[in-house]
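Undergrad: predicted model and sequence follow; I will ask about them next.
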Amino acid sequence: QVQVVESGGGLMQAGGSLRLTCAASGPTFSGYAMGWFRQAPGNEREFVAAITTSGTGWIYADSVRGRFTISRDNALNTGYLQMNSLTPEDTAVYYCALGRVPSINRDNYNYWGQGTQVTVSS
């Protein structure tokens, strides 16, 4: 059983930056693609970014492309989401997920963390 724990969320002013961390237990992290999703109050959980098992391929939502960067360190069983130029529209709970392939579809992910809150003030 793989466990996923997100950290790094917090309160930030618009224009600022945050880096989220996704820590996974178990020796099989490198065998999973990783995705980040977010959910704002009253909204469905939406795709943010995904990365391949090797870390050499990425997918980004249009709303974050050019501002967010997804990465991973398989030796540390850890993934990251660097978020720059934050806006109030980025306010949400951010979730890390692991699946067999990188995908924009949350149904393709098998393991999810509990989420970390990101709040961006104007």
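TA: On my side now, so go ahead.
Undergrad: secondary structure class for the spatially closest residue to Asn105 that is not a sequence neighbour?
TA: Computed as C-beta to C-beta, 6 or more residues apart in numbering, the closest residue to Asn105 that is not its neighbour in sequence is Phe47, at 7.6 Å. Where you see a C-beta, it was placed from the backbone N, CA and C, and this is true even at glycine. Secondary structure assignment for Phe47 (DSSP: H, G, I helix; E, B strand; the rest coil): strand.
Undergrad: bridged to Phe47, which residues?
TA: Listed by DSSP bridges, the beta-bridge partners for Phe47 are Phe37.
Undergrad: okay, it: pLDDT?
TA: pLDDT, Phe47: 98.
Undergrad: also the one 4 residues further on?
TA: Predicted confidence (pLDDT) at Ile51: the value is 98.
Undergrad: against Asn43, how distant is it?
TA: 23 Å (C-beta to C-beta, to the nearest Å).
Undergrad: picking up where we left off before, which residues touch the residue nearest to Asn105?
TA: Gly35, Phe37, Ile59, Ala61, Ile104, Asn105, Arg106 (C-beta atoms under 8 Å, 6 or more residues apart in numbering).
Undergrad: on that earlier part again, so Ile51 and Asn43 - more neighbours on which side?
TA: Ile51 (23 against 9; other C-beta atoms under 10 Å).
Undergrad: fine, thanks again, bye for now.
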